[in-house]
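Engineer: quick check, what structure comes out for this input:
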Amino acid sequence: MLVGLVVFLVIVEVFKRSPDFVDRSGDGFETLRIVFYVVAISMVFVINLVHGFMLKAEKSDDIAAIAEKLTTVSIIVSAMAETPLVLGFVMFMLWGTYTDFYILGFVTLYLMLRHFPFYGQWEKFAKQRMGGKWQTGPVSG
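Structural biologist: Here you go, the predicted model:
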């Protein structure tokens, strides 16, 4: 998750410091730029919808199925959270607009922090799905 952010940041900084770097932000890209920003900002809302939709489930006694569902949702949400960063990187590579890259990078960072899978949240979800059958401590099996 965070590694992708750092890798893109390093690539942008290397290109930006290159003597051949040219900021072509005035080359009539405003329409596509607006589209990229709309898509990036919409990810804030789309991720919430996807997260809520995918976690709707019936009660279950199978902790492995619950853990698998939580893992799947976390991976999908993490991938969606990277969308603004990728769009910012595309804008940088096409037009050299590193300011847009950084703005969309901060949106990605916000999404990553907002939807980071904390153990307490997973435990709460598992308790809700298992009802009264939740036990703490090691599971014997």
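Engineer: just say helix, strand or coil for Pro117.
Structural biologist: coil (DSSP: H, G, I helix; E, B strand; the rest coil).
Engineer: let me fix that, I meant to ask about Asp23.
Structural biologist: Asp23 is classified as coil under three-state DSSP.
Engineer: dump the residue contacts of it.
Structural biologist: Contact analysis of Asp23 by Cβ atoms under 8 Å, 6 or more residues apart in numbering lists 95-98. Every C-beta, even on glycine, is put in place using the N, C-alpha and C of the backbone.
Engineer: for Thr99, see how far away it is.
Structural biologist: 9 Å (Cβ to Cβ, to the nearest Å).
Engineer: show me where pLDDT drops low in the protein?
Structural biologist: 1, 25-28, 57-61, 118, 120, 125-126, 128-141 (pLDDT under 70).
Engineer: spatially central residue for it, please.
Structural biologist: Geometric centre of the chain, nearest residue: Ala81, 1.6 Å, by Cα atoms, centre = their mean.
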